[in-house]
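S.K.: everything below, folded, please.
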Amino acid sequence: MITPQGGPESHREEHPAGEVVGLPAQGEWLLAEAGAAGSGWASQTVVEVPGLLVTLVALKEGRGRAEHRTPGAATLLCLTGRVVLSTVDRSWTLEPRELMALPGERHRLTAEADALALLTVRLD
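M.R.: Residues are numbered from 1 along each chain as shown. This is a model prediction of the structure:
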């Protein structure tokens, strides 16, 4: 569980339907985790209900997620910082409060500044 101060009790917290999730404290804690991780990124599922997964992603400047594919239709919302989503042919820069539907192809995510993003995936 995430404590009210944003610290971890475990790495996975369940948020049932109807529960409000406070992202600022979780985001601060997750950015600290990303800074401590060798990869420079960390993520935590904040909502999981049938057919839908919402994950908070923290990335340190200049670091990111290696090329991967999302397991279903997905959107990415940049909450803070700046991220670049890239495929083989294109790239998109997302600033705070910008949202995009992710391409179905393999992609990578890199932070141009320390960033928090919210990934929402429809699970088919």
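S.K.: pull the helix or strand with minimum mean pLDDT from the protein.
M.R.: Within the chain, no helix or strand scores below strand 64-68, which has a mean of 75 by mean pLDDT, DSSP states H and E.
S.K.: list the buried residues for that strand?
M.R.: Within strand 64-68, the residues that qualify as buried by neighbour count (16 or more other CB atoms under 10 Å) are 64-65. Quick note: C-beta positions are derived from backbone N, CA and C, even for glycine.
S.K.: how about whatever helix or strand comes next after it: buried residues?
M.R.: Heading C-terminal from strand 64-68, the first helix or strand you meet, by DSSP states H and E, is strand 74-86. Neighbour-count burial for strand 74-86 flags 74, 76-83, 85-86 (criterion: 16+ other CB under 10 Å).
S.K.: how about stretch 41-50?
M.R.: 41-48.
S.K.: name every strand pairing with the top strand by length along the chain and say which way it goes.
M.R.: The residue-count maximum for a strand in the chain (DSSP state E) belongs to strand 107-122. If you go by DSSP bridges, strand 107-122 pairs up with strand 52-59 (antiparallel), strand 64-68 (antiparallel), strand 74-86 (antiparallel).
S.K.: so which of those comes closest to residue 113?
M.R.: strand 74-86 (4.3 Å; CB to CB).
S.K.: helices and strands around whichever strand or helix holds residue 48, which ones?
M.R.: Per DSSP H and E: residue 48 is located in strand 41-49. Applying 3 or more CB pairs under 8 Å, 6 or more residues apart in numbering; DSSP states H and E, one finds that strand 41-49 contacts helix 23-36, strand 52-59, strand 107-122.
S.K.: any idea how far the shortest one is from the chain center?
M.R.: Here the centre of mass of C-alpha atoms in strand 52-59, compared against the chain's by CA atoms, centre = their mean, to the nearest Å, lies 3 Å away.
S.K.: equivalent analysis for stretch 47-60, please.
M.R.: Here the centre of stretch 47-60 is set off from its chain's centre by 7 Å, with CA atoms, centre = their mean.
S.K.: how about stretch 70-79?
M.R.: With CA atoms, centre = their mean, you get 8 Å for stretch 70-79.
S.K.: having no further points to raise, I will conclude here.
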